[in-house]
Each structure stands twice: as structure tokens, then as C-alpha cells.
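Q: Output the structure for:
(one chain, ligands or ions: 1)
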Amino acid sequence: SPVILWLRRDLRLTDHPALSAAVAQGRPVIPVFIHDDALAELGAAPKWRLGLGLEALEKALRDKGSRLILRRGPALDSLRDLIAETGARAVYWSRLYDPQAQTRDAAVKDALKAQDIEARSFGGHLMFEPWTVATKTGGYYRVYTPMWNAVRGREVDAPLSAPSRIPAPDAWPASDTLDSWRMGAAMNRGADVVRPHVRLGEGAAQDRLAEFIDRWVGVYDKTRDQPHVAGTSLLSENLALGEISPHQCWHAGQRALAEGKAGAETFLKELVWREFAYHLMYHTPHLLTGNWKPDWDAFGWNEDEDHPHVIAWKQGRTGIRFVDAAMREMYVTGRMHNRGRMIVASYLTKHLMTHWKIGLKWFEDCLIDWDPASNAMGWQWAAGSGPDAAPYFRVFNPVTQLDKFDPKGNYVAQWIAEGRKTPSDTALSYFRAIPRHWGLTPQDPYPAPVVTAEDGRKAALAAYENRGF
Ligand code: FAD
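A: Below you'll find the model as predicted:
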């Protein structure tokens, strides 16, 4: 009887413990992806990107003699249908850690087991399962550095190779077509503008990892803060969908460290920031939905999404160049440099005194590397409401930050067209990506700041002091 491999955010064949275990059974494997309610809630860009990822995975599976079956509906119902149709007696999957998936998966496991079906979940999305990392007193880590110290010396499983072939069933069950799911329907921006910026699929992710280790990791300490340089791994998009495993990145980073490459340890530390985000989300799921520190509930943030300041922020028209360049970068590429993320989040929550949830949601709609844990942790860090957060009084100055990290104006030239005789193609591409009803053109004058760096800082600090934090 076949094994059903229920794929979710593990769109790869290499270093895939659930797939390897299924193949090791020596029985036919039926890979399936289910479009359930959780998917309906995904933001526009992540959903579109997931659609591309599924298309790439389907091709990779076909090269191994297999297929990807697509089903729509509640996960348990879809799995039960498949079990009835194929005679499968086992369902394997890779674990996810957000509260919604946890609840669903636990219910699926119980129900299948009650039907005498083998239901097994595997690791692979994380290097360190959240329940295996604990403080000396048995609690979870609220602060990054002690967690880094706790895991840095741990053995991380060596990556598994991809199976050479995946045994197919005698007959394939019916499948939806991916087109019928219209995964790009909510992408009201020019998807063709964003498409060239996508690094799609497992092969591309592995090539990028090799290139990063070869060319960039040695100077990562220096280049990782330069927003116009592609000096970071750019792998977040692939990690988010499991097109590469963190284990592969970790081992490549460890080899670079052993070879004395300067930025390798910093890269390993970044991978552990991702683990830390998951650790926090697992142990304190309210990280996703509300102020991690509840005393922030009383802070007088603007919560009006239609406020002109919020619209200016979303459209990259705040008049603050670093903020606008970064917001446009995200709109066009589906990614934003980490320095940019910190600056735009700080500007929204402090200078514009707007609730971080509004920013979180916009990122969720725009980022092709959207990740529930890293996004929520990043926003709460920037706003000051999270664990291990930037103290509220440390307000980034988006003007001096630009002088520091973009002294030659390369990043700004890359993304801002207004006021230039010959704008760069990337800067112009923003105007091809945005909806017409925004009414913006490259010939517009560049706007004056909606809130200046100095005024925003003063107002934020005054509000903070008034609250008596
Ligand atoms: P690299 O510098 O090459 O780092 C390697 C990997 O380490 C990344 O791919 C990522 O998986 C992990 N990593 C690096 N920095 C962080 C971090 N601060 N937190 C958690 N993991 C990290 N990252 C996402 O993957 N998805 C998000 O939705 C997301 N939203 C963010 C929102 C805000 C407000 C902030 C401040 C940060 C957010 N980040 C998010 C974290 C970080 O900005 C990105 O992971 C990073 O820019 C990705 O680029 P890279 O792959 O080239 O990273």
C-alpha cells in the first residue's frame, strides 16, 4: 500500500527526512499538496510565490518518476479521500510550528491514528526542534544570545541526499490543476515585474548557496549592511518554502568557518536568528497576534490603515529616502534588505507612531520570503513590544542611517526615480509594478517628508515618556 507524502512548506527533494523515510519503505509514494483554509489566508505575494514553487516542485518530482497531486478542501477530508482512493496506510509530513498548523496537524494525526493509519511527522524545517532547546531552569529563551550559546556547538544532522527515484503507484489519483487554484489572483501588482527577482526552486537555491559561500561569505561582515549590494545569501525566500533546508546552509557555513572565511560565523548566527524566531513563536504563539509585552497594549499607536501617513509609507512616498527606497524595493522584488526592514519598521512604528500590526500585514502581502515567525519577531523587535526588542528610546534616524550605509547614494539611485534626469531601470520598474489608481509617475516631484527624522523622534520619545514605561 502506498505512503502519502503530505507536502506543505518543504518543497524540495534533497535533505527531506519525510520523503526519505517514505521512499525507504519500498512502497509507492504519493506526494500531495492540499489547498486548505490556511492557504486561503496567505498574503498576495507569498501565495503567488508558493504557486511558482509548486510548479517547480512538480517538475522536479516528474524527473524522479513521480508527480504532485493537488487537492482542495480541509486537510483531513482530503487525506481521507486519498486514503480511500489509493489504499494508502500511511501519511508522512514535515512539521510546521505556527499555532494554526500545530492545531490542524495534531487533529489530523489523532484522526488518522484512530483509523489505524500510520501518521508520522518529521523534522526538516528547523535545525533545533523548539522543545529541545531550554534554559537551565527548563524554560524557553526570550533573549537571542543565550540561545545562540546553547546551540552553537550542537551537532546538526548532516543533509540527506535526494532519492534517485521515487516509486510511483500503479495508477495516480486525480489531481486539480494548479491553474485552477489561481495562486496569483491577488497579485494586483505587475507580477511580470516581480518575476525576474524570484529565485525559484531547489536547484537555484543550492546554486545560490554555493555562490554565496564562494564569493560573499568571506566579506559578509562588511557587505551585509550595504543595501545596494547582493552581499547576503538571499536564501530567505527558499528557506520560507523549504526549497532548501537550514541544515544545508548550516553545514556550508561550518565548512566556510573551518576554512577561515571571515563572515561565516555571522552567517551561522543569522541562521540561528531564524531558529530563535521559531522558538519564540512555538513557546509564545501570541507573538503573531498581539504585543508580546502586554503593557504595550495601552500605547496610543495609530491603528487606522487608511491614514495618509500609512498610505505614504506603503507607497514609498514618505519623503524619507531610505524608507521610500526600501518600500519600493519590496514592491518590485518581493524582498527587502534587512537594514531596510529595520528602518521602515522603525519609521512606521516610531516616527509615524503606527501600530506594528499594520506594517506586519503589509509585509505579509508583499514579501515573497514571508515567514510567520521571522516577520512577527522582526516587527515586535522594531516596535519595542517584543522580547529582546530594541529599546523604544533607540529610534533609528533614517537620514543618518542612509549616510552610513549608502554613502554614495547607490541604493537611492537604484529605487528612486523622481527628480532624476535619467532614472535607473529598477527605479522605473516600480512605476510599472504599482496599480494605476495610485496615480504616481516618475515625473512627480519627490515629496517633502510626511514627518521629518527629528520631529518624529521627538514625538515618539514624548509619547513613550508619557506612557511611563
Ligand atoms: P542572510 O543575511 O543571508 O541570512 C541568512 C538567513 O538567516 C536568512 O535567509 C534568514 O533565514 C535568517 N535570518 C537572517 N536575519 C534574520 C532575522 N533578523 N530574523 C530571522 N531570521 C533571520 N525574514 C524572513 O525570512 N521572512 C520575513 O517575513 C521577515 N520579516 C522581517 C520583518 C522585519 C520588520 C525585520 C526587521 C526582519 C524580517 N526578516 C524576515 C528577517 C531578515 O530581514 C531576513 O531574513 C533577511 O533580510 C533575509 O535575507 P537573506 O536571506 O539574504 O539573509
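Q: The protein against the ligand: which residues are in contact?
A: 224, 232-236, 239-240, 270-271, 273-274, 277, 338, 341-342, 345, 363, 367, 369-371, 374-375, 378-379, 382 (C-beta under 6 Å from any ligand atom). In short, each C-beta sits where N, CA and C put it, glycine included.
Q: and the residue sitting furthest away from the middle of the chain, what pLDDT?
A: Distance from the C-alpha centroid of the chain, by C-alpha atoms, centre = their mean, peaks at Asp170 (37.5 Å). With respect to pLDDT, Asp170 has a value of 96.
Q: Grab the nearest non-local neighbour of it.
A: Excluding the flanking residues, the one nearest Asp170 by C-beta to C-beta, 6 or more residues apart in numbering is Pro28, at 7.5 Å.
Q: How about the residue of the stretch 251-400 of the chain found nearest the ligand, nearest residue that isn't a chain neighbour?
A: Proximity of the stretch 251-400 of the chain to the ligand (C-beta to the nearest ligand atom) peaks at Gly378, 2.4 Å away. Closest residue to Gly378 apart from its sequence neighbours, by C-beta to C-beta, 6+ apart: Arg341 at 6.0 Å.
Q: how about the helices in the stretch 51-200 of the chain?
A: Using DSSP state H, counting those that start in this stretch, the helices of the stretch 51-200 of the chain run over 75-86, 99-114, 144-151, 178-181, 191-194.
Q: What's the mean pLDDT across the last one?
A: Spelled out, it's helix 191-194. pLDDT averaged over helix 191-194 gives 90.
Q: contacts for that helix?
A: With C-beta atoms under 8 Å, 6 or more residues apart in numbering as the test, helix 191-194 has contacts from 45, 48, 184, 187, 332-334, 368, 429, 432-433.
Q: Check the first one too.
A: Defining contact as C-beta under 8 Å, 6+ apart, one finds that helix 75-86 is touched by 1-2, 4, 6, 30, 32, 34, 36, 69, 71-72, 88-89, 91, 104, 107-108, 111-112, 115, 117, 169, 173-174.
Q: what does the third one give?
A: Residues outside helix 144-151 that contact it (C-beta under 8 Å, 6+ apart): 127-128, 133, 135, 141, 269, 272-273, 275-276, 279, 388.
Q: Quick check: longest strand in this structure by residues?
A: In the chain, taking DSSP state E as the definition, the longest strand is strand 29-35.
Q: Paired strands for that one, with orientation please.
A: Applying DSSP bridges, strand 29-35 is found paired with strand 3-7 (parallel), strand 69-72 (parallel).
Q: Deepest-packed of the ones you listed, please.
A: Among the strands paired with strand 29-35, ranked by average contacts under mean count of other C-beta atoms under 10 Å, first place goes to strand 3-7 (a mean of 26).
Q: now it and helix 75-86, what's the angle there?
A: Angle, strand 3-7 to helix 75-86, by axes from the mean of the first three to the mean of the last three C-alpha atoms, to 10 degrees: 150 degrees.
Q: now strand 3-7: mean pLDDT?
A: The average pLDDT within strand 3-7 is 98.
Q: I'd like to know which elements the helix or strand that comes right after it is packed against.
A: Downstream of strand 3-7, the first helix or strand assigned by DSSP states H and E is helix 17-24. Contacts defined by 3 or more C-beta pairs under 8 Å, 6 or more residues apart in numbering; DSSP states H and E place helix 17-24 against strand 3-7, strand 29-35, strand 90-94, strand 118-122.
Q: Residue ranges in the stretch 351-469 of the chain under the pLDDT threshold?
A: By pLDDT under 70, the weakly predicted segments of the stretch 351-469 of the chain are 389, 468-469.
Q: End to end on stretch 83-98, go ahead and measure it.
A: This stretch, stretch 83-98, spans 26 Å end to end (C-alpha to C-alpha, to the nearest Å).
Q: pLDDT averaged over it - what is it?
A: Computed over stretch 83-98, the average pLDDT equals 98.
Q: Where does the stretch 51-200 of the chain get nearest to the ligand, residue-wise?
A: Tyr144 (9.2 Å).
Q: Quick check: pLDDT value at that residue.
A: We have a pLDDT of 96 for Tyr144.
Q: For ChimeraX, what selects the buried ones among the residues of the chain next to the ligand?
A: Command for ChimeraX, covering only those of the residues of the chain next to the ligand found buried under the criterion 16 or more other C-beta atoms under 10 Å:
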select :224,232,233,234,235,236,239,240,270,271,274,277,338,341,342,345,363,367,369,370,371,374,375,378,379,382
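Q: quick one: the residue nearest to Gly378 and Leu287, what's the gap?
A: Distance of Arg341 to Leu287, computed by C-beta to C-beta, to the nearest Å: 17 Å.
Q: likewise His337?
A: According to C-beta to C-beta, His337 stands 23 Å off from Leu287.
Q: same deal with Glu118?
A: 33 Å.
Q: Same question for Trp131.
A: When distances are taken as C-beta to C-beta, Trp131 and Leu287 turn out to be 16 Å apart.
Q: what do you get for Gln206?
A: For Gln206, the distance to Leu287 equals 31 Å [C-beta to C-beta].
Q: Could you check which of these two has the larger neighbour count?
A: The residue with more neighbours, out of Gln206 and Leu287, is Leu287; 24 against 18, by other C-beta atoms under 10 Å.
Q: rewinding a little: what number of residues lie near the residue of the stretch 51-200 of the chain closest to the ligand?
A: Per other C-beta under 10 Å, the neighbour tally for Tyr144 reads 20.
Q: With adjacent residues omitted, what lies nearest to Leu5?
A: That would be Pro31: by C-beta to C-beta, 6+ apart, it lies 4.6 Å from Leu5.
Q: I figured that neighbour hits Leu70, correct?
A: No. Contact between Pro31 and Leu70 fails when scored by C-beta atoms under 8 Å: they sit 10.0 Å apart.
Q: where exactly do the helices run in the stretch 351-469 of the chain?
A: Going by DSSP H, counting those that start in this stretch, the stretch 351-469 of the chain shows helices at 356-366, 372-383, 398-405, 410-415, 425-433, 453-467.
Q: Quick check: which of those helices is buried the most?
A: Among the helices of the stretch 351-469 of the chain, helix 372-383 has the highest mean neighbour count (mean count of other C-beta under 10 Å), at a mean of 25.
Q: quick one: contacts for Ile30?
A: Ile30 makes contact with 2-5, 69, 82, 86, 88, 169, 172-173 under the criterion C-beta under 8 Å, 6+ apart.
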